[in-house]
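A.B. asks: Model the structure of this input:
(chains A and B)
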Amino acid sequence: MKKPLLISGVSVSLLAMALTGCTPNNKGASDSDGTVSVTSTASECKLSTTEVKAGKTTFSVKNDGNEVTEFYVLAEDGLRILSEVENIGPSISRDLTVELAEGKYKTSCKPGMVGDGIVGDLTVTSNPDATAVSADEQALRDTAISQYTSYVKDQVEQLKTATGDFAEAYQSGDFEKARVLYPQARLHFERIEPVAESFGDLDPKLDAREADVEEGQEWTGWHKIEKDLWQPKPAENDGKTYTALTDAERARVAEQLVTDTNSLYEKTRDVDLTVDQIANGAKGLLDEVTASKVTGEEEIWSHTDLSDFQGNVDGARVAFEDLRPIVEKKDSELASNIDEKFKDVQTLLDQHREGEGFVSYTELSEDQVRELSDSIDALSEPLSKLTGVVVS
Amino acid sequence: MNTEPNPIHQPVSSSDEKTSGVSRRAVFGGVAGAAALTGAVAGGYAWGNHQNSSEETVSDSYEFWGEHQPGIDTPVQDRLHFVGLTVKTEKVEQLVKLFKDWSEASARLMSGQPVGEETSYKAPPDDTGEALDLSASHLSITFGLGRSLFVDEQGNDRFGLKDHMPEGLIDVPHMSGDMLEEARSGGDLCIQACADDPQVAVHAIRNLVRIASGRAVVKWSQLGFGRTSSTSTQQATPRNLFGFKDGTANLKTEEPELLQEHVWVDTQDEKEPAQWMASGSYCAVRRIRMMIETWDRAPLQEQEDIVGRTKVSGAPLSGGGEFDAPQFDMQGKKGPIIPVDSHVRLMHPQMNGGVQMLRRGFNYTDGTDGLGHLDAGLFFIAYVRDPRTHFVPLLRTMMRSDALSEYLRHTSNALFAIPPGCKDENDFIASGLFKAAKIAID
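C.D. replies: Numbers count the residues shown, from 1 in each chain, chains lettered A, B, ... in the order given. Predicted structure coming up:
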């Protein structure tokens, strides 16, 4: 899991703050790129020019007013938002990079973030060097969002069923079966981990590792059961003898797991995602691999880290594939680079398959771990450019 | 030597420099160097040559003596060598002797002189030599006492000092997400050496550790290559390895009332047996690895929302410049413009009952983690008046709720009581503790 953040709802609001393709210091971009300075005050929204060539334009927005401002690029109707940059504090500058096709547009500054804003015209002239921009990119975005939302819902449904089976086996004392079901159920969780994390305290309740829990705080969830299923020797337990959970304790932790999973299920029924959240989620999943799976620190008793690894990679790949049509239009080289790197990771992972799942993390040699880690790093770098490309 | 307390550890001016020794620079430079090379002075290292003291003046040295130890309110230098030590001797008189030896050596080191005495050609030199032609380089040396000096793991009194253990010297509780490595944590004693030149800092630690032979050994050692905070209004705010300005709102040397309030232990703070801590402080240390590779892949907006400041200028997201106060109630599109889980908000004195720390941390890199990622981050050092009020609550908030914690991994923890400064040449570090415990010090 990620470092638990116990301010409930915080991650939601973070996710909700749409990324806006802010890029610093890109004034030295190629010749076809134009930069327009925008000055926002209480009464004015001044652009250094209102005519640009088709292609990428960077609006460098400076807030010279006393209130928080926003800047929008709108379609000719002045209603449909093409791109925006929010939350520009007084005397702060933000860049917004937008790819625009030939045509007429509106711009708007919104000091104080209320009302219709100070609207002006923007004309985009033809540019033979610019790549054609789809007039209906929104359709591509909508498709991506609907596909990925279905994926999330489906995974949570499967998680709910698998968790139920697992909890039952564990609670009834069928440890052998529970140990088989453990990685299989968790696979679904790992695929959609960033979504679970967006619901504040739900993720730490479900997925906290022992070290994540502070003194005096109750430990619940998957890893508490993991420890009870793969009971450590004192040497693996800070020198302390592990005491197995009693039947009553086992029932309580199993029931809590089911309750929290059901709560995740309920919360994801009407999940509302944006393309940049999906793109950031893909990056976040690979960060998870780097932070704990490839180091074997996620599943320190069951050593089923490779299964979680596969779950994270699956989730990232689905997110990317859903966004791929947009990326393909804007940066086909990046799209094929990411394709290739996903393939490399999967090829390596497949070498460690065994039966339904994977070999124990402890069976990997140092060289094999390094190889996996390198392949994830090689994928993470291009994938981190996804959001910027998708929203530009 | 000037025995006036030098409370804010300003550089010693050359007119104050009435030392009987020569600066290290003089040893191999000029007349003294020539003398040494020709073997005119017993063929050993030629320090202690009084005649040359006027030729070389040391203007980049700080005073070791004073009400407070140096290295706390001293304008923070660029380089660090910090060690935690394990005490090996079981005799308290040897501990007393160790502090006397260290105090004497530290005074020499800080004024830019080699340690020890002139030795025979047939003997190993007292000073290890690698700083001989370097200046004092603003070296500061600070000593601290860990809880384990007073009591062992079972709580037994180790040296008859237990009753005089200051109350603030607690065991820091396990925090959410702690991944502490025992071999990098704790320590019976600590030494912090800071200087402009890394070789001077390392030389100081090396020689002090050598002096400790048979009495204390190094448990862990940490180098820091760049300061991550400023402790003087004269200093520009440096950047940490996340690329952000750090310590903008740090306590500054020029604010003695605030230091009195937040850094120095007052006589009323400790019960009678630990009153020797007055004018001392506490030093909280955490080695915080930064997951810099994943951080570098985070969008700028996420980075700035996590920190609560802009990356380039360091201005709070509520606007203005670096030193403008953050406006925590300013609303953005969805909630406060400075997010509720941002580092600047959660750690700000306004959100923590007004408490402040004197942060004196350093950037570090220690090779790689074996997976091609840099083992790099912040060696966090903070000086506070009471860790129970000024450190633990902030740490808990940070580990629990700070969005930055996602990219951090705390790998060590240590807490030390910092005795007050040495008054003069007849005094030594922690003398008050031994006096209070009625241990013979003469």
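A.B. asks: on contacts alone, who are the packing partners of the helix or strand harbouring residue B:84?
C.D. replies: Using DSSP states H and E, residue B:84 sits in strand B:79-87. Packed against strand B:79-87, as judged by 3 or more Cβ pairs under 8 Å, 6 or more residues apart in numbering or on different chains; DSSP states H and E, are the following elements: strand B:189-195, helix B:198-211, strand B:216-224, strand B:374-384. For the C-beta atoms, the positions are set from N, CA and C on the backbone; glycine is no exception.
A.B. asks: Run through the bridge partners of residue B:285.
C.D. replies: On the basis of DSSP bridges, residue B:285 is bridged to residue B:381, residue B:414.
A.B. asks: list the contacts for the residue of chain B most remote from its centre?
C.D. replies: The outermost residue of chain B relative to its centre, with distances by Cα atoms, centre = their mean, is residue B:333 at 42.0 Å. Counting by Cβ atoms under 8 Å, 6 or more residues apart in numbering or on different chains, residue B:333 makes contact with A:17, A:70, A:86-87, A:113.
A.B. asks: Check residue B:149 too.
C.D. replies: B:87, B:158-159, B:161, B:188-189.
A.B. asks: Point out where the chain drops to low pLDDT.
C.D. replies: Using chain A here. A:1-33, A:131-135 (pLDDT under 70).
A.B. asks: My question was about chain B, not that one.
C.D. replies: In chain B, residues with pLDDT under 70: B:1-58.
A.B. asks: hey, C-alpha coordinates of the lengthiest helix in it in CSV?
C.D. replies: The longest helix of chain B (DSSP state H) is helix B:92-110. Output in CSV follows, covering the C-alpha atoms of helix B:92-110 (Å, rounded to 0.1, in the frame of the first residue of the first chain):
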residue,chain,number,x,y,z
VAL,B,92,32.4,7.0,35.1
GLU,B,93,35.8,8.7,35.7
GLN,B,94,36.9,7.6,32.3
LEU,B,95,33.8,9.2,30.9
VAL,B,96,34.7,12.4,32.7
LYS,B,97,38.2,12.2,31.2
LEU,B,98,36.8,11.6,27.8
PHE,B,99,34.7,14.8,27.9
LYS,B,100,37.7,16.8,29.2
ASP,B,101,39.9,15.4,26.4
TRP,B,102,37.2,16.2,23.8
SER,B,103,36.6,19.7,25.1
GLU,B,104,40.3,20.6,24.9
ALA,B,105,40.7,19.1,21.5
SER,B,106,37.5,20.7,20.2
ALA,B,107,38.7,24.2,21.2
ARG,B,108,41.9,23.6,19.3
LEU,B,109,40.1,22.2,16.2
MET,B,110,37.6,25.0,16.1
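A.B. asks: partner residues bridging the most centrally placed residue in chain B?
C.D. replies: Closest residue to the average C-alpha location of chain B: residue B:192 at 4.3 Å, with Cα atoms, centre = their mean. Beta-bridge partners for residue B:192, by DSSP bridges, are residue B:82, residue B:142.
A.B. asks: Could you pull up the contacting residues of it?
C.D. replies: Contact analysis of residue B:192 by Cβ under 8 Å, 6+ apart lists B:71, B:80, B:82, B:140-142, B:144, B:283, B:381.
A.B. asks: Try it again at 6 Å.
C.D. replies: By Cβ atoms under 6 Å, 6 or more residues apart in numbering or on different chains, the contact set of residue B:192 is B:71, B:82, B:142.
A.B. asks: and the gap between the last one and chain A?
C.D. replies: So that's residue B:142. Per Cβ to the nearest Cβ, to the nearest Å, residue B:142 is found 29 Å from chain A.
A.B. asks: okay, now that residue: neighbour count?
C.D. replies: Each residue near residue B:142 was counted by other Cβ atoms under 10 Å in any protein chain shown, and the total is 27.
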